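In: turn this into a structure:
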Amino acid sequence: RSYLKGTWQELLQFVNEGPSQPVKEGTLRRELHAMNVWSRTSRKRQFFTQKHKAARLQWAGSHRTWTAADWRNVIWSDKSCFCLYSKDVCRPVHRRPGEAFNPDCVQDETQDVRFRTSHG
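Out: As a prediction, this is how the structure comes out:
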């Protein structure tokens, strides 16, 4: 099925572009709710290239047999990530319950300028 993305006003404008009678926002909401379709903020997912995915899979495979004792020898650092020029815009998506992580319902994070700093 096709997922409806955008605000109620954008969705209403799209529906009313057709040759049929204009539809009011309340009617549109009522009909979608009757079909158990609700407006929700789309979930975000981190942007990964195929290279990123392959590197993570390789790393996970090489550490698969590590014990708790092995992990205790890792030096963990407290890092903070700062994002410049964030395009942190949440787009609504109209979906059914339980479809939050459907690939058509999530919003990919953009690759913004980021830098990291370590604390003590």
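
In: surely residue 36 meets residue 98?
Out: No. Counting by CB atoms under 8 Å, residue 36 does not reach residue 98; the two are 9.9 Å apart. C-beta coordinates here come from the backbone N, C-alpha and C atoms, glycine included.

In: in the sheet, who's paired with the residue nearest the centre of the chain?
Out: With distances taken as CA atoms, centre = their mean, residue 44 lies nearest the centre of the chain, 2.0 Å away. When bridges are called by DSSP bridges, residue 44 pairs up with residue 107.

In: low-scoring stretches of this protein, by residue?
Out: Residue ranges of the chain with pLDDT under 70: 1-3, 78-90, 109-120.

In: now the strands for it?
Out: Secondary structure of the chain (DSSP state E): strands at 4-5, 38-41, 43-45, 78-84, 92-95, 106-108, 113-119.

In: if you count contacts, what does the fifth one end up packed against?
Out: By that I understand strand 92-95. On a contact count with 3 or more CB pairs under 8 Å, 6 or more residues apart in numbering; DSSP states H and E, strand 92-95 meets strand 4-5, strand 38-41.
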